[in-house]
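> quick one, what's the 3D model for this:
(chains A, B, C and D)
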Protein chains: 4
Amino acid sequence: MGSSDRLPVGIIGASGYGGVQLVRLLIEHPLVEITYLGGSSSAGQSFADLYPHLGHCVNLAIEDCSPAEIAARAKVVFLSLPNGLASKLAPDLLAHGCKVLDLSADYRFKDLSVYEAWYQGDRRLDQDIAKGAVYGLPELYADRIAEADLVACPGCYPTASLLALLPLLKQGLVDHTTIIIDAKSGTSGGGRQAKTNLLLAEASNSLGAYAIASHRHTPEIEQIASDLSGQDVLVQFTPHLIPMVRGILSTVYARLRDPGFTKDDLLTIYKSFYRSSKWVKVLPSGIYPQTKWALGTNLCYIGLEVDQRTGRIIVVSAIDNLMKGQASQAVQCMNIMMGWDESVGIPQLTFYP
Amino acid sequence: MGSSDRLPVGIIGASGYGGVQLVRLLIEHPLVEITYLGGSSSAGQSFADLYPHLGHCVNLAIEDCSPAEIAARAKVVFLSLPNGLASKLAPDLLAHGCKVLDLSADYRFKDLSVYEAWYQGDRRLDQDIAKGAVYGLPELYADRIAEADLVACPGCYPTASLLALLPLLKQGLVDHTTIIIDAKSGTSGGGRQAKTNLLLAEASNSLGAYAIASHRHTPEIEQIASDLSGQDVLVQFTPHLIPMVRGILSTVYARLRDPGFTKDDLLTIYKSFYRSSKWVKVLPSGIYPQTKWALGTNLCYIGLEVDQRTGRIIVVSAIDNLMKGQASQAVQCMNIMMGWDESVGIPQLTFYP
Amino acid sequence: MGSSDRLPVGIIGASGYGGVQLVRLLIEHPLVEITYLGGSSSAGQSFADLYPHLGHCVNLAIEDCSPAEIAARAKVVFLSLPNGLASKLAPDLLAHGCKVLDLSADYRFKDLSVYEAWYQGDRRLDQDIAKGAVYGLPELYADRIAEADLVACPGCYPTASLLALLPLLKQGLVDHTTIIIDAKSGTSGGGRQAKTNLLLAEASNSLGAYAIASHRHTPEIEQIASDLSGQDVLVQFTPHLIPMVRGILSTVYARLRDPGFTKDDLLTIYKSFYRSSKWVKVLPSGIYPQTKWALGTNLCYIGLEVDQRTGRIIVVSAIDNLMKGQASQAVQCMNIMMGWDESVGIPQLTFYP
Amino acid sequence: MGSSDRLPVGIIGASGYGGVQLVRLLIEHPLVEITYLGGSSSAGQSFADLYPHLGHCVNLAIEDCSPAEIAARAKVVFLSLPNGLASKLAPDLLAHGCKVLDLSADYRFKDLSVYEAWYQGDRRLDQDIAKGAVYGLPELYADRIAEADLVACPGCYPTASLLALLPLLKQGLVDHTTIIIDAKSGTSGGGRQAKTNLLLAEASNSLGAYAIASHRHTPEIEQIASDLSGQDVLVQFTPHLIPMVRGILSTVYARLRDPGFTKDDLLTIYKSFYRSSKWVKVLPSGIYPQTKWALGTNLCYIGLEVDQRTGRIIVVSAIDNLMKGQASQAVQCMNIMMGWDESVGIPQLTFYP
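Numbers count the residues shown, from 1 in each chain, chains lettered A, B, ... in the order given. Coordinates of the predicted model:
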């Protein structure tokens, strides 16, 4: 296919970590062509100045974020912006006929009052548009994504945590009041921001929890969990910062409703649930995932254990926070929105070690 | 005080990470003198060959582990050996009049059948001696340690986890069936063993859980928790390997019996409980510990949060796994056994960052 | 193209880090099919047991290393074995008509007495075969590689160091008696061997030199440098172990023959020299490479500086030691041997950060 | 000694990494008492807010930097400020009778025109004061330091590099036109500044050179080297950023004047040169230093090799950049200035691993 037949796509917020993943993925995607890189603080700079290692294959500058200009040049637009900015751009882009994939939290909530309560932003005036957004977790909502013009891509922690929880919630296998998610993320989750606590000198060779009982991914997980189980679910969610660049591990605890279930039963249920999900790999009994296995891929590895002594199931899931937790999942959604094979242009093999 | 007035001490298993911590600590301890370094595989080697950086201040060779010879030269003996070996040496050493501090699991269990069930070693024939051993957690058992000839120093995970749990258990503040301990350790916890999964190439830039629902520190935590709360306590314990050298973070979850308790209430209770414990630092509201803060010290930092939405308390504790989790806690116990100030020769300030 | 039309290839020594890179690369290579995985200590094991993350896409066991059996199933064979073993297998494989790519040092030396002097192995009896081997550095010897049946793939350090030196040597721009190579490698260069000094606990947060004035990659660099410059060249080569998984940085110093040369002159010369080399990227003035830019790719990034005060050129090159320094360079050589586009199946974009 | 008998000292620039090292060291120093913590951007904050792990032992706030106020409360003042600021404070402090130890570059140069050329600051008007400053490398200038009121503490790279070079320069053993210093530093050398390139996400798992042929520590090394050898010495100095928190390794190359010198000869010369230097440890033949050995100490470990093939000596030195390279060396200087044992309050044993 000639370049002119490719779908023109734009990436707004290209200078951040989400942006550079998208650029890298879409360079190799055979059906699209990057036609617009947008940004605010970096506008006017060459992309290669920001990321010299891509200088030999990206010859684009970061431009302003004018919706009309973007829409004139791109049919699909990825928004990789700080929370609160996508909702200023998306309505215009949609009005111009673009399909929009938003990587921020702006459109993840059906009920904008939840968003406003947890995100402390301005009063949102785009309730109608927010209602039309689809939560971009393809393992759960592929059908809706296929029909959507606006996809709200999930957060990194919710992706890892929900993939570990979905089979349990869907089938009502656990007491939902007992769900605890102890999650661990590499520091790239903090974005390309120069913060003291993310310096190698501070974060390396150390480990800590943060935002205990208050992290904003909590209501996002709860919304989907509630939707799936048909009742209000509250989860205990605790994130930790790990001295590594990429990767999320979610360790999920819940009490089984039926203490007779064995590990083999649960592995069978998980494998069956993810039978047709190319990107979720349920590991054999006794194998637990390493985050490193998922780096640079769209994969989620899942291992589990049942503790007969305590009646609990413990599920461990591993993803690359910038890929399945962000950029490659967005590309997966785009593929589905466009009616393409959901795997086009998405890496499935890491380099190890 | 002249060198000849110092207490002669021996370290058996000096070549491992526990051993080298003990050597380093006892070199600077003003009341003791290292008179014996023992080992098996490394016997005959100069200690400086194993650890060249200490060549300028340690001029000792590793010797065989003959109890008679050790007892002739040392009055206090630290055993830093793989599980199952201390119980072959300790009875003889005690019979020769030595005081013994064992850093392995051999004497941590009142009921040796628990040990045998979880540690799969030979049948133990030293039940009487095991009964006389004291669990070396000074924040809980200082009085007993002062009287003991044989101290079983706690495991690294149990130290961090129990210090986070003690005030809750002692006062019956939580539903003990809801206790979940999600623990994270640096790779030095695996010892100075050349295992593939502990290679930098494998363990760096990655993260995983291991021994889910089956780690041998589980019954150790349960024994003390049960002792303290006066009923049988089962805990959910999940260890994780973190890409860093040293440090343990324990994130502990439990449901409060009284949902009216606030974070401030709990902080008051914790500060009160640890009022006279020099080595446990309860952090101000809103501050959670970093493992890095404890490196090279005997300190345990504790932070906590109460989640009013879920009725749970989340406690986070941080220690250096090789210090408060192993060697410096053993020295703390020795100080108590000898009737000295418990702080003599124990570091309390880390280097940061 | 159907699978049956693909070229059958074997990987001997598949369990190591070189092996797993080759497996990963060749799974995605559109013109080959892996038909044989060989090994000695791991023979009989499933590949997925060694590398569970590849379990979903590799369904092969490690088999014995019988040349006849390998040759019956594979037309091209990669040998990723410890030094000294390839020379036991290669003669038979060649006699059976296989093309062989050896990743060890066995066939890197024209003069086997050099090999024997630096590698202390058995007396080699395959001088004739060694004479026919081609050094697999495609940027220098693509023509010879295209004709070869046996390619000796370069070491990781020589690849990085020679790519930094080639333009200088080819054009006689520096005093060859002043060449100093200060090289730095991630610990994966030590292979998947459980050695104490490669443990994360030891190697992390530290840095040291090793094999000063005696590393076996020295004569390999000297052989090519001498060949290129037409006179005997000795280099000063010092390797260092860096606390990271992958990547090599070579910092090369030499005195310019003509002190009038400027940085811009040299950049022009380098860009011209590598004009048709797809995998070497000469960076703009003022930009020096980061090893991270090359991870997971076959790229070599080069930056340079001229110090007018001292009359020296300083060239810095960065590669992924397991890719351009090992596995992907071998695939590049195979592509050339088979008359294919040299880029088929070789990654050129890293994930950053 | 009662607290009131201790020497009152001030630390200006206490919020940075140099400051927090000084605070930690001086807390444990038996002869001094910290009476003043000064800073500009952090003035008004509690020190414990900046470094919560020290909250239990430091109860001081950061105050403004008024010379009169500082001098009223402290007799010795450490200035740990960005370059260019010390020279605004030091003259006043000296006039008030304080002894001053400056950790910046402001007073390291006898000839302020060199400073102005490399540091691009304002025109300096304190040439007289600069002339009276003593370069605080105790292994070389202990006598002058003992007499000084103003000590210019060396940079981290110069400390490591000069200690490796001193015996060679003092005795004229090498051709001084051939000196190359390839130095590697952990990222804490960049200070507690939130810069993108120092983020864990960027700096971890990577390696690069920077400031090639232009780093400002070059003239500092050259000044001392020239002073020592009695002729103008130019050195080639290349710094690299290593993915670790602390530590510097300097790999120094030079051609021996007399090619007959052996490694044993040189080791004898080095051991003799440093015979009375408590903090420099020359390692046995065949042992090269690891930076980790020096962490948290004032030690410098040195190993060396002679390459008979090339006629060069290669010396490798390792220090903790924040200790011997900064704070503990300053304390060592203070001890000498005060006529105390130079070792008082200075750590000499690291924790390993």
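
> contacting residues around whichever residue of the stretch 101-250 of chain A sits closest to chain D?
Going by C-beta to the nearest C-beta, chain D is nearest to A:Ala194 of the stretch 101-250 of chain A, at 3.7 Å. For the C-beta atoms, the positions are set from N, CA and C on the backbone; glycine is no exception. When contacts are counted by C-beta atoms under 8 Å, 6 or more residues apart in numbering or on different chains, A:Ala194 touches D:194-196, D:198-199.

> once you drop chain neighbours, what's closest to it?
If the residues on either side of it in the chain are set aside, A:Ala194 comes closest to D:Ala194, at 3.7 Å by C-beta to C-beta, 6 or more residues apart in numbering or on different chains.

> cool, and A:Ala148?
Nearest one to A:Ala148, counting by C-beta to C-beta, 6+ apart, is A:Val134 at 4.0 Å.

> burial of the residue of the stretch 51-200 of chain A found nearest chain C, as a residue count?
Residue nearest to chain C within the stretch 51-200 of chain A (C-beta to the nearest C-beta): A:His53, separated by 3.4 Å. For A:His53, the neighbour count with other C-beta atoms under 10 Å in any protein chain shown is 26.

> which elements pack onto the helix ranked longest in chain A?
Ranked by number of residues, the top helix in chain A under DSSP state H is helix A:156-170. With contacts defined as 3 or more C-beta pairs under 8 Å, 6 or more residues apart in numbering or on different chains; DSSP states H and E, the packing partners of helix A:156-170 are helix A:138-147, strand A:174-186, helix A:217-229, strand A:236-242, strand A:248-256, helix A:263-273, strand A:300-307, strand A:312-319.

> let's see it at 6 Å
strand A:174-186, helix A:217-229, strand A:248-256, helix A:263-273, strand A:312-319 (3 or more C-beta pairs under 6 Å, 6 or more residues apart in numbering or on different chains; DSSP states H and E).

> of these, which stretch is the most buried?
Looking across the helices and strands packed on helix A:156-170 with neighbours counted as mean count of other C-beta atoms under 10 Å in any protein chain shown, the highest average goes to strand A:312-319: a mean of 28.

> chain center to it, what's the gap?
18 Å (C-alpha atoms, centre = their mean, to the nearest Å).

> send me that strand as CSV with only the CA atoms.
These are the backbone C-alpha positions of strand A:312-319, laid out as CSV (Å, rounded to 0.1, in the frame of the first residue of the first chain):
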residue,chain,number,x,y,z
ARG,A,312,-8.5,-16.5,49.4
ILE,A,313,-7.5,-16.3,45.8
ILE,A,314,-4.4,-14.2,45.0
VAL,A,315,-4.1,-13.1,41.4
VAL,A,316,-1.0,-11.4,40.0
SER,A,317,-1.0,-9.6,36.7
ALA,A,318,1.9,-7.9,34.9
ILE,A,319,1.9,-5.4,32.1
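
> what about that strand, near chain C?
No - Strand A:312-319 does not reach chain C (C-beta under 6 Å from any C-beta of the partner chain); its nearest approach is 9.4 Å.

> what angle do strand A:300-307 and whichever helix or strand comes after that strand make with each other?
Sequence order places helix A:327-337 as the next helix or strand after strand A:312-319, per DSSP states H and E. Computed by axes from the mean of the first three to the mean of the last three C-alpha atoms, to 10 degrees, the angle separating helix A:327-337 from strand A:300-307 equals 110 degrees.

> gap between helix A:327-337 and the chain center?
Relative to the chain's own centre, helix A:327-337 is displaced by 10 Å; criterion: C-alpha atoms, centre = their mean.

> same question for stretch A:151-165.
Taking C-alpha atoms, centre = their mean, the mean C-alpha location of stretch A:151-165 is offset from the chain mean by 6 Å.

> again, but for stretch A:296-315
Its chain's C-alpha centre and that of stretch A:296-315 lie 20 Å apart, by C-alpha atoms, centre = their mean.

> now it: buried residues?
The neighbour-count check on stretch A:296-315 (16 or more other C-beta atoms under 10 Å in any protein chain shown) flags A:296-307, A:310-315 as buried.

> now do stretch A:61-75
So, applying 16+ other C-beta under 10 Å, buried residues of stretch A:61-75: A:62-63, A:65, A:67, A:70-71, A:74-75.
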